[in-house]
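Enquirer: Sequence below, structure please.
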Amino acid sequence: MFPQRLDSPLAYDIAKALMDGFNRHYRLFRTESARAKHRFETADWHGQQRAQRERIEFYDLRVKEASQRLEKEFRAHEQPMEVWQQVKLHYIGLLIDHHQPELAETFFNSVTTKILHRTYFHNDFIFVRPAVSTEYIENDEPAALPTYRAYYPTRETLRDTIARIVDNFRLQRPFEDLQRDAGFVLKAMGGRLAQVKLRANFQIQVLSSLFYRNKGAYVVGKIINGFNEVPFALPILHGKSGGLVIDACLFGEDELQMLFSFARAYFMVDMEVPSAYVQFLRSLMPRKPRAEIYNALGLAKQGKTLFYRDFLHHLKHSSDKFRIAPGIKGMVMLVFDLPSFPYVFKVIKDYYPPQKDTTREQIKGKYLLVKQHDRVGRMADTLEYSEVAFARDRFEDELIEEIRRFAPSQLEIGDRDGDGHEEVVIKHLYIERRMIPLNIYLQEAFDAGAREQIERAVIEYGNAIKDLVAANIFPGDMLWKNFGVTRNGKVVFYDYDEIEYLTDCQFRRVPAPRNEEEELSGEVWWSVGPKDVFPETFGPFLLGNPAVREVFLKHHGDLLQADFWQSHKERIHSGHVYDVFPYEHDKRFMPEKAEL
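Expert: Numbers count the residues shown, from 1 in each chain. From the prediction side, this is the model:
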C-alpha cells in the first residue's frame, strides 16, 4: 500500500534528481534530432548516419549517469521501502504538465530497476502501468509549434497549398522548381480526388516537423475529406543539380507502413510532445503497434516498455504454450515462439559447432551493429531483454529440454518470489517480428506449383542482398533459411552472427587450378584469409533448384561475381553513400533528377 503522507524530504530529492536526469536526456535527444535539418540541408550524409548511430546510445548513458548520482548523493540502494514508495508519488507529481510523461516514467523504471531488488518490481515502486495520461498534451508556450498544421485548400488552390506546405518547413536550401514538383504531387493526389466531391471540411493536416533519415526528409500528413482520410508522405531529396526536389507522393496505410518499417533505421524528428506525434501517426497506420511507432521515432526504450506491456497483456488473455519455433534450427541461436503471438524469441546458445568460430560477446556485438546501422528495409529490428520471467506452465517440456541442452547458462527455473508459482527466467534474449522463413516460403510455392511466387521471392531475395551491399553490409551466411518474408512480401535478413561490414571483406575470384590434381580436388586447395569471400562459390549452396537458378541468374547473376562486390566496396571506401529507396521505383516523379 502507498503511504498516506509524503513526509520524506529525501524521497522528494531523489524524485527530483531522477526528473533532472530524464530532462537532461530528452534535451540532448531532441537537440541531436533537430540538428538533422542542418545535416540534410548541407548534404552531410556521413554525419547524418553517425548521428543516427550515436543517438541510440544516449539513453543508456543518461541512465548510468542518473543511477550513479542517486548512489553517490543519496545512497539510494540503502533507502527503505517507505522512502521508495514516496519517491514514486513525488515523481508522479513532477509529471503534471510534463510534455513527455510516458518517456519520463520509463526512464524512472530504467534507473530504479538498476538500484532496487526485483521484489520491488511492481506498481507500488515502478510504473508497471502508466500513471499519467498522454491524451491531448500540447505545448502551450506562445512560440511553440503545434503538433500539426491544418490547411484548407479548394480544388483550384490545391497546387499552391502543396507548395506552401513544403515551403513552411523553411529548408535552407532552394528547390529546383517547387511549383513543378507541387504539380507532380497535385497530379498524384488528383488521381485520388478527381471523381470525389470535396466536402465542407476538406483539409490537409501535416505534422509540423520533417522526418529525417539518411539522405531524405519526409513530409507526413493526411488528406481529410468528409469521413474519408488518406495518409500520405512526400519524400524530399537532393536533386542532381544540387537543389531540392519532391521525389514522390506515397499514399495509404500500406505505403506508410513501408516507410515506417521495423526493418528501417529510426527517424530523426524534433518533437516537444512525442505522444501527440504517435497519436497522429496511429491515425495513419492503425494496424501498427504504438511500440513500433515509438521505435521508428528513435524512442526505442519506450517502444520496449510498450511492447512488454502488450506482451504481458497477451499472456494474460491467451493459453497456448511456448514451443521450439518451426523451421531449420540454427547453429548459434535457439529460437522459440508462442503460436498466438507474432514474434519470435532468440537465445544465444552456449555451444557452437566447430565451423562457427565465435563467442557470445561477438554475437551480441553483431546484433548491436544491426541496431545502430541503417537497416535499409532489409534487416529486422530486435528488442533486447535481460532476466525475463515466464510462467513455467506456459512452456512445452520439449522447449525446456532444448534450452537446458544448448543454453543452460541462460536458464533459471524456480520460485524466485516465494509465491508458490514456478517461473522460467531467460537471462538474455532477443525478440523480433515473426516472418515466414524464405526456404519454407519457397517450398510451399514449389508444392503449389506457384511459379510467379517463386520468381517474385527469388528476385526479392537478390534485391535484399543488393540493398544490404548498398548499406555496407555483407550478410555472411546467405542461405535461404536466414531470410524471411514479411506480410507485404518483402524479403528481410534476420540471422546476424556472421555479418560484416562490406569494407572489411576481401572479395576474390577462385584461382585457376595449377595442375590436374588441383582441378579434380573436391577440397579447397587455395589459401583463404579470415575475411576472404569467393562469390562464385555461392552457387552450389543457393541454386540447387533449376527453377530458382534460372530466375536468380537472369536477375542477380552479378552476385556470383567478385567484381560486383569489390566495386561496391571501393565506392563506399571512397565516401559514396548509396541510394536505397523506401518505396517502389515507379513511384518516383523524375528518377533521373534526384537521389536519396
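Enquirer: hey, let's count contacts and neighbours off CA atoms from now on
Expert: OK.
Enquirer: can you pull out the helices in the stretch 51-200 of the chain?
Expert: Across the stretch 51-200 of the chain, reading from the start of the chain, the helices by DSSP state H, counting those that start in this stretch fall at 58-74, 81-94, 101-115, 158-167, 178-193.
Enquirer: If we go by neighbour counts, what in the third one is buried?
Expert: This means helix 101-115. By neighbour count, with 16 or more other CA atoms under 10 Å as the criterion, the buried positions of helix 101-115 are 101-112, 115.
Enquirer: Can you pick out the most distant pair from these?
Expert: Pro101 and Ile115 (21.4 Å; CA to CA).
Enquirer: what's the helix or strand containing Lys366 in contact with?
Expert: With elements delineated by DSSP states H and E, Lys366 resides in helix 360-372, which encompasses its position. Helix 360-372 is touched from outside by 52-54, 56, 265, 348-350, 379, 381-382, 496-499, with contacts defined as CA atoms under 8 Å, 6 or more residues apart in numbering.
Enquirer: and if we set it to 7 Å?
Expert: Contacts of helix 360-372 with the rest of the structure, by CA atoms under 7 Å, 6 or more residues apart in numbering, involve Arg53, Ile56, Ile348, Asp381, Tyr496, Asp497, Ile499.
Enquirer: just checking, the first one touches His373?
Expert: Yes - A contact is recorded between Arg53 and His373 when judged using CA atoms under 7 Å, the distance being 6.4 Å.
Enquirer: Would you mark the buried spots in stretch 427-441?
Expert: If you call a residue buried by 16+ other CA under 10 Å, then stretch 427-441 has these buried ones: 428-441.
Enquirer: Mind checking which of those residues are in helices?
Expert: Among the buried residues of stretch 427-441, the residues falling in helices (DSSP state H) are Leu438, Asn439, Ile440, Tyr441.
Enquirer: Would you reformat these as CSV and include distance to Ala464 and pLDDT?
Expert: What follows is those, written out as CSV (distance: CA to CA, whole Å; pLDDT from 0 to 100):
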residue, distance to Ala464, pLDDT
Leu438, 12, 96
Asn439, 15, 94
Ile440, 17, 94
Tyr441, 16, 95
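Enquirer: Contacts only, for the residue nearest to Val510 when sequence neighbours are not counted.
Expert: With sequence-adjacent residues excluded and distances taken as CA to CA, 6 or more residues apart in numbering, Val510 is closest to Phe534, at 6.4 Å. Phe534 is in contact with Phe507, Arg508, Arg509, Val510, Ala562, counting by CA under 7 Å, 6+ apart.
Enquirer: Buried subset of these as a ChimeraX selection?
Expert: The ChimeraX selection below is limited to those of the contacts of Phe534 classed as buried (16+ other CA under 10 Å):
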select :507,508,562
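Enquirer: could the contacts of Phe534 go into JSON lines alongside secondary structure, distance to Ser241 and pLDDT?
Expert: Formatted as JSON lines, the contacts of Phe534 follow (DSSP: H, G, I helix; E, B strand; the rest coil; distance: CA to CA, whole Å; pLDDT from 0 to 100):
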{"residue": "Phe507", "secondary structure": "strand", "distance to Ser241": "34", "pLDDT": "95"}
{"residue": "Arg508", "secondary structure": "coil", "distance to Ser241": "37", "pLDDT": "92"}
{"residue": "Arg509", "secondary structure": "coil", "distance to Ser241": "38", "pLDDT": "90"}
{"residue": "Val510", "secondary structure": "coil", "distance to Ser241": "42", "pLDDT": "84"}
{"residue": "Ala562", "secondary structure": "helix", "distance to Ser241": "33", "pLDDT": "95"}
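Enquirer: wait, which of the contacts of Phe534 is closest to Arg30?
Expert: Phe507 (41.0 Å).
Enquirer: Name the residues linked to that closest one by a beta bridge.
Expert: Per DSSP bridges, residues listed as beta-bridge partners of Phe507: Val533.
Enquirer: pretty sure it is touching Asp532, no?
Expert: Yes - between Phe507 and Asp532 there is a contact under CA under 7 Å: 5.9 Å.
Enquirer: Between the buried residues of stretch 427-441, which sits nearest Ile96?
Expert: Nearest to Ile96 among the buried residues of stretch 427-441, counting by CA to CA, is Ile431 at 33.6 Å.
Enquirer: after the top helix by length along the chain, next one along is what?
Expert: Ranked by residue count, the top helix of the chain under DSSP H comes out as helix 9-34. Counting by DSSP H and E, the element after helix 9-34 in chain order, helix or strand, is helix 36-41.
Enquirer: contacting residues around that next one?
Expert: Taking contacts as CA under 7 Å, 6+ apart, the residues outside helix 36-41 that touch it are Gly47, Gln48, Leu171, Gln172, Arg173, Tyr212, Lys215, Met268.
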